[in-house]
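Trainee: Model the following, please.
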Amino acid sequence: MSLASQVLDNAKKDGKMIATAESCTGGMVAAALTDIPGSSAVVDRGFITYTNAAKVEMLGVSPDTLAAHGAVSPEVAREMAQGALARSHAHLAVAITGIAGPGGSEFKPEGRVCFGIATRGDIRTDTVEFGALGRDKVRAAARDHALRLLLDAL
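Mentor: Residues are numbered from 1 along each chain as shown. Got it, this is the predicted structure:
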């Protein structure tokens, strides 16, 4: 059984709705979930917020947080997850922001991805250094990690 199927099954059992807030994955987590028939029972909505302006406008990420920490940071991932939860009917939200590549910098290397996972009572962040695997592989690894975070939260 796929990770996405496991997430959906557990969410259905728990009566939980899910929202996603994605930057570097461009909707891959939402697509993985909605590829499965019956996903509408638990997937409320997904936000693709590729630009900083979209993060601010759609999710309520603070411009001050972006200025202080940059888009690829646990602080922004936290605010993205909180914003997705606040702007949806979901009980659980996952957020992803990272550098899929090519590129990066000394301080924010290619393959760094920050995640936020929020419920109505808790929020956690996680940063993973996937390394310079190439854009497609970093994005796929980030999608799978986000699905695991959702599964663990359920």
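Trainee: what about the residue nearest the centre of the chain, distance to residue 4?
Mentor: By Cα atoms, centre = their mean, the mean C-alpha position of the chain lies nearest to residue 95, the distance being 2.4 Å. Distance check for residue 95 against residue 4: by Cβ to Cβ, to the nearest Å, it reads 17 Å. Quick note: C-beta positions are derived from backbone N, CA and C, even for glycine.
Trainee: what do you get for residue 32?
Mentor: From residue 32 to residue 4 the distance is 4 Å (Cβ to Cβ).
Trainee: and the residue lying farthest from the centre of the chain, backbone torsions?
Mentor: Distance from the centre of the chain peaks at residue 106, with 23.7 Å (Cα atoms, centre = their mean). Main-chain torsions, residue 106, degrees, to the nearest 10: phi -60, psi -40.
Trainee: circling back: what's the overlap in contacts for residue 32 and residue 4?
Mentor: residue 147 (Cβ atoms under 8 Å, 6 or more residues apart in numbering).
Trainee: Which strands or helices does the helix or strand the residue nearest to the centre of the chain falls within pack on?
Mentor: Using DSSP states H and E, residue 95 maps to strand 92-98. In terms of contacts (3 or more Cβ pairs under 8 Å, 6 or more residues apart in numbering; DSSP states H and E), strand 92-98 is packed against strand 18-22, helix 74-86, strand 112-119, helix 135-153.
Trainee: hmm, who's touching the longest one?
Mentor: Applying Cβ under 8 Å, 6+ apart, the set of residues contacting helix 135-153 from outside is 3-4, 6-7, 10-11, 18, 20, 24-26, 28-29, 32-33, 92, 94, 96, 98-102, 110-111, 113, 115, 117, 119, 126, 128, 130, 133.
Trainee: The shortest one now?
Mentor: Contacts to strand 18-22, defined as Cβ under 8 Å, 6+ apart, come from residues 7, 11, 27-30, 33, 42-49, 59, 80-81, 83-85, 87-88, 90-96, 116, 146, 150.
Trainee: Generate a PyMOL selection restricted to the buried entries among the residues you listed.
Mentor: Selecting only the buried entries of the contacts of strand 18-22 in PyMOL, with 16 or more other Cβ atoms under 10 Å as the criterion:
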select buried, resi 7+11+28+29+30+33+42+43+44+45+46+47+48+49+59+80+81+83+84+85+87+88+90+91+92+93+94+95+96+116+146+150
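Trainee: helices and strands around the strand or helix carrying residue 58, which ones?
Mentor: For residue 58, the element it lies in under DSSP H and E is helix 52-59. With contacts taken as 3+ Cβ pairs under 8 Å, 6+ apart, helix 52-59 sits against strand 43-48, helix 63-69, helix 74-86.
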